[in-house]
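K.L.:
sequence below, structure please.
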Amino acid sequence: MTDARTEILARVREALAGSAVELPETSAPRDLAPVATPEVVDLFAERVADYRAVVERCGAEELEGRIAAALPAGGRVVVPPGLSVQVPEAIVDDGTLTAAELDRIAAVVTEARVGIAETGTIVLDHAPDQGRRAISLVPDTHICVIREDQVVPDVPDAIGVLDPARPQTWISGPSATSDIELDRVEGVHGPRTLHVLVVAGKR
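P.N.:
Below is the predicted model:
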């Protein structure tokens, strides 16, 4: 546990002294994820689609073809260095592309760390198969690959498998805002199109 977490829990325990509420001494292990049942994966796909994202289910043998079909015609695509699937003619990000250069790229293909069924949220922790945050935020289309066994029921389950020391990006649908006269505008501060490929099997 970090010093900050230890201090916070100590203060909470002090405030709860004499009550029946008990707090754990340590955090839950982060390598034990709930088993993704078919119902949980179905709910995840449904909730992601509710956010106006495109959701496709496929097998591992179909993945490369599905990615190719989802890419914008004629546009350049960038991928993180650790992507586990081949994307022909893609630019492999080496960290030197500027925001202006990324803005001229039509699409990015990444994988994900975890998907949350209850909220329809995808979480990236920017491991090599996901790349740095900029490549998932600047191009207009984000194609995200997630395996069924990476889907968990709810937020506490996701927190249990995430490393708090790593940077995280939580994505619930395409970038959108309704701040101006409650009119929904997409693509203001991130990809206008989110295309999620839910792949059968394990990561």
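
K.L.:
ok, residue 192 touching residue 140?
P.N.:
Yes - look at residue 192 against residue 140 with CB atoms under 8 Å: they come within range, at 5.1 Å. (C-beta placed from N, C-alpha, C; glycine too.)

K.L.:
more neighbours: which of the two?
P.N.:
Taking other CB atoms under 10 Å, residue 192 and residue 140 do not tie; residue 140 has more neighbours (18 against 15).

K.L.:
ok, the more buried one to residue 61 distance?
P.N.:
The gap separating residue 140 from residue 61 is 28 Å, by CB to CB, to the nearest Å.

K.L.:
now swap in residue 165 and tell me
P.N.:
Taking CB to CB, one finds residue 165 at 35 Å from residue 61.

K.L.:
these two - which one has more neighbours?
P.N.:
residue 61 (10 against 7).

K.L.:
quick check: the more buried one vs residue 133, distance?
P.N.:
For residue 61 relative to residue 133 (CB to CB), the value is 31 Å.

K.L.:
with residue 104 instead?
P.N.:
Using CB to CB, residue 104 is found at 18 Å from residue 133.

K.L.:
so what's the closest residue to residue 171 other than its chain neighbours up against?
P.N.:
Distances taken as CB to CB, 6 or more residues apart in numbering place residue 122 nearest to residue 171, at 4.6 Å, with adjacent residues excluded. If you count contacts by CB atoms under 8 Å, 6 or more residues apart in numbering, residue 122 has them with 48, 112, 114, 115, 116, 144, 146, 170, 171, 172, 196.
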